[in-house]
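In: here is my input, please return the structure:
(chains A, B, C, D, E and F)
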There are 4 protein chains.
Amino acid sequence: MPRSSSPSRRKQPRQQRAQATCDAILTAAARLLVRDGYEATSTNRIAEEAGVSIGSLYQYYPNKEGLVLAVLEQHGSRWLTEFDAGLKELAPAPLGVAVPSIIHHILTLKRLHPQLDSLRYALLPVLRPLGHVDTFEQQLFRLVRVFLAARLDEIRPRELDMAVFIIVHTLEALCHAAGVDRPDYLTNDAFPNELCVLVLGYLSLSPAPLGHPPRKAAATRRKYEQ
Amino acid sequence: MPRSSSPSRRKQPRQQRAQATCDAILTAAARLLVRDGYEATSTNRIAEEAGVSIGSLYQYYPNKEGLVLAVLEQHGSRWLTEFDAGLKELAPAPLGVAVPSIIHHILTLKRLHPQLDSLRYALLPVLRPLGHVDTFEQQLFRLVRVFLAARLDEIRPRELDMAVFIIVHTLEALCHAAGVDRPDYLTNDAFPNELCVLVLGYLSLSPAPLGHPPRKAAATRRKYEQ
Amino acid sequence: MPRSSSPSRRKQPRQQRAQATCDAILTAAARLLVRDGYEATSTNRIAEEAGVSIGSLYQYYPNKEGLVLAVLEQHGSRWLTEFDAGLKELAPAPLGVAVPSIIHHILTLKRLHPQLDSLRYALLPVLRPLGHVDTFEQQLFRLVRVFLAARLDEIRPRELDMAVFIIVHTLEALCHAAGVDRPDYLTNDAFPNELCVLVLGYLSLSPAPLGHPPRKAAATRRKYEQ
Amino acid sequence: MPRSSSPSRRKQPRQQRAQATCDAILTAAARLLVRDGYEATSTNRIAEEAGVSIGSLYQYYPNKEGLVLAVLEQHGSRWLTEFDAGLKELAPAPLGVAVPSIIHHILTLKRLHPQLDSLRYALLPVLRPLGHVDTFEQQLFRLVRVFLAARLDEIRPRELDMAVFIIVHTLEALCHAAGVDRPDYLTNDAFPNELCVLVLGYLSLSPAPLGHPPRKAAATRRKYEQ
DNA sequence: TATGAATGAGTGTTCATTCAT
DNA sequence: AATGAATGAACACTCATTCAT
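Out: You can find the predicted model right below:
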């Protein structure tokens, strides 16, 4: 069971055919990982599912871990791109507008790829100790930190790092748990509203913005857009 | 790799010697699981570490998964016992007193067995799909639900199940993440205070009790004991 | 012959059945190594040939290299035992008696296990760099050194280590080469006689053709240019 | 792992560029073989090191073995050329002059390319059984035979082939062993002198160390038991 | 009750080689 | 002439589990 300490790529495909092979492997790996989990997914099975030989798989990915990291990285970076885009749109919005919007956005993203998303959430911590630098979490922290830093006068917490830690982990865990245990929470109105109360209640200065607990994100938005 | 769908026990030890064997296996399994993780821990290695033969191990536990579940159940039920005891003491306390106390209690428990605790948090979800009914989470939910149900007049959320879901997952995730990524958070004052703000801000009736963000749990307690 | 604390063993067999398994594996390995060579011999094939499962093989030998070393060690230590016995018998004999006898003995041993012997000669140097201490060669050197040291007044060389080096490597190489390329040399009279001339000519005191052993090639040249 | 039985060349390069490719492959192969050994050196790695594609490698060499043979042949034929030149210079010299000179020459060659030299010595026997005719050894035997045949009146052995066999294998083995285990022997004076004693003692006419060269070990024994 | 020898399907991975471009 | 994507048989090795003793 040899294992090199190299990253998730071994060789860059130079021909178009090779790129197609790479993609097929990545897609097959994602499908099997979601279906069977990390340990039950074998590289031989992935190659078979992708319709390529096992040798081709190892031509582009250094080992199983590297391949799985590539899957997670691809998904993670796409997620971050979309999340960042959402944040950028909300750059000028006040906290009470931005937070509900962000939560709505996160839940939408969750509904788009619930399984890959959960896979990343569950797998990255397991793969991390094996030498990987968790770029995804670092980037997410940075984005949220920038968001909060721009609203220092609107928020209560003074220790930004801790606030970021709390908000990110809370939202990630709740979205993940909802996706796994309560899919209905992802498609009703109450859950996002509760998340807004949770996050805004934590961030807001007093008097808290909870005077009239909003029933819907829409309501909240209206309220702060006046 | 046959796998029976049976629970975590195969046979009840009837002699004292047998009980000692069972315990030795459980202890060894816990140690190795914490040190090496689930997949890297083999049943043969556990038997060796416990000083018993592999045959004895399979006399008391139906398979690897069952053995690991037994480890997690033992730890989980001990945790629940202590947590429940804490809750019972706080039965008459108002929310603003009880929550800081509970959070303090949870963090204390976390500091006592950080590794086994994290193991349970990370492993139960992985083992669950394999046929296990997550008794731990069910019991925890029930305890917290009872706690909240006794304070319906003090809290805002009307959907108790969702509130339990949010609070339990939030606190579990944050304590776990702190233990793994920020051990310093487990031993400073700021972190529990922030958790109190988070939970109380979420649960409290408006106008929120956050007018003067408390610097310490002590401060919070005083405030609510008026 | 003392056993080296072996990197070639994983577990000691405790039951008789296990010892039989170990022996079967060793025997099968020797047979296949002789027939196919190191690289062409696979552990799976060895297990099959031994009539045991591959798992049993790895229960007693840590890896392919360890297994092969066990084969070579077994053969090497048997060889050394017999060689040592021969030396001991000749302890009181003068050089001119002992050397022919030893050479005769060595060639007899070679004829008994020509293939295993050649295998050891060819394989140990390849396996050595992988961390193995070449006990066989060390022991052989020591035995021969003791033999020569007891005859200091009968031999010319003053640097014993170099003399041992030369004699051991010469005889090993010639016996090996004869076994491989000229099996007829192992069974005629001329070859052992020539070996005697070679060794005695090298060891003996004058009257040698080199009455005044030259310190330099230049000296030699002068002598013969007269 | 198909393997053709063809020799070490597949196709003659016709363009200058092709010749450069061939040379680059040969050079890279030699470097990697010396560094990593035969089995650890892969053809893909050789092509990469040579800066050519794997396809080009197989355009000029039929398989891995053929390529390695080409490396060894190149080195072997260069060695033979230099050795032959040395022999020619010594054509008129008497044995006592020629032998020390030759030994000096051999050790000098050894010091020039110790690794490639050892590689050839260790590898040719392994590759030979796979169908290769060992031209190197045949040529070396012929050269030494011619050398001895010109000095029949100066030497004792009557069976020239056996004498050649003994001398060639002895010197090869001792030089190789010195290069591997005792590099200091290659650069001091004592070692070559001892080699001279060994070889001249073996070849020289009487007064031999064995006044009456024994026809049998038994004869020898009788002589010394008087 | 306890032992530990035995199993073998299955894993991740390599590498000599081919062939379409 | 040169490329490099693709192949897949084969390898060393693991480990959950069984069962004769």
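In: buried sites along the helix or strand hosting A:I46?
Out: For A:I46, the element it lies in under DSSP states H and E is helix A:43-50. Judged by neighbour count using 16 or more other C-beta atoms under 10 Å in any protein chain shown, the buried positions of helix A:43-50 are A:T43, A:I46, A:A47, A:E49, A:A50. Bear in mind the C-beta positions are built from the backbone N, C-alpha and C, glycine included.
In: next: stretch A:73-90.
Out: In stretch A:73-90, counting by 16+ other C-beta under 10 Å, buried: A:E73, A:Q74, A:H75, A:G76, A:W79, A:L80, A:F83, A:G86, A:L87, A:L90.
In: what is the helix ranked longest in chain A packed up against?
Out: When chain A is parsed with DSSP state H, its longest helix is helix A:64-89. Helix A:64-89 makes packing contacts with helix A:16-36, helix A:43-50, helix A:95-112, helix A:114-127, helix A:135-149 when contacts are defined by 3 or more C-beta pairs under 8 Å, 6 or more residues apart in numbering or on different chains; DSSP states H and E.
In: now do the contacts for A:S77.
Out: Each residue near A:S77 by C-beta atoms under 8 Å, 6 or more residues apart in numbering or on different chains is listed here: A:F136.
In: phi, psi for A:S204 please.
Out: Dihedral angles of A:S204 (phi, psi; degrees, to the nearest 10) stand at phi -70, psi 150.
In: near it, how many other residues are there?
Out: Counted with other C-beta atoms under 10 Å in any protein chain shown, residues neighbouring A:S204 total 20.
In: quick check, pLDDT for the residue lying closest to it once chain neighbours are set aside.
Out: Distances taken as C-beta to C-beta, 6 or more residues apart in numbering or on different chains put A:R156 closest to A:S204, at 6.3 Å, once the chain neighbours are dropped. On pLDDT, A:R156 comes in at 96.
In: do the same with A:T135
Out: pLDDT, A:T135: 86.
In: quick check: residues of chain A near DNA strand F?
Out: A:1, A:11, A:13-15, A:17-18, A:20-21, A:44, A:52-56, A:58-59 (C-beta under 7 Å from any atom of the strand).
In: try it again at 10 Å.
Out: A:1-2, A:10-22, A:24-25, A:43-44, A:47-48, A:50-60 (C-beta under 10 Å from any atom of the strand).
In: so for the residue in chain A that chain D sits nearest to, what's the pLDDT?
Out: Chain A approaches chain D most closely through A:Q59 (10.0 Å), counting by C-beta to the nearest C-beta. You'll see A:Q59 listed with a pLDDT of 96.
In: so which of the residues of chain A next to DNA strand F reach DNA strand E?
Out: Within the residues of chain A next to DNA strand F, those near DNA strand E by C-beta under 10 Å from any atom of the strand are A:1-2, A:10, A:15-17, A:43-44, A:47, A:53-59.
In: out of these, which end up buried?
Out: Among those, those buried by neighbour count (16+ other C-beta under 10 Å) are A:R10, A:T43, A:A47, A:S56, A:L57, A:Y58, A:Q59.
In: between those residues, which sits nearest DNA strand F?
Out: Closest approach to DNA strand F among these (C-beta to the nearest atom of the strand): A:S56, at 4.1 Å.
In: can you tell me the closest non-neighbouring residue to A:L140?
Out: That would be A:V168: by C-beta to C-beta, 6+ apart, it lies 5.9 Å from A:L140.
In: what's around the one you found, how many residues?
Out: With other C-beta under 10 Å as criterion, A:V168 counts 17.
In: which strands and helices sit next to the helix or strand hosting it?
Out: Assessed by DSSP H and E, A:V168 sits inside helix A:160-181. Applying 3+ C-beta pairs under 8 Å, 6+ apart, one finds that helix A:160-181 contacts helix A:95-112, helix A:114-127, helix A:135-149, helix A:190-203, helix B:160-181, helix B:190-203.
In: how about a cut-off of 10 Å?
Out: The contact analysis (3 or more C-beta pairs under 10 Å, 6 or more residues apart in numbering or on different chains; DSSP states H and E) places helix A:160-181 against helix A:95-112, helix A:114-127, helix A:135-149, helix A:190-203, helix B:114-127, helix B:160-181, helix B:190-203.
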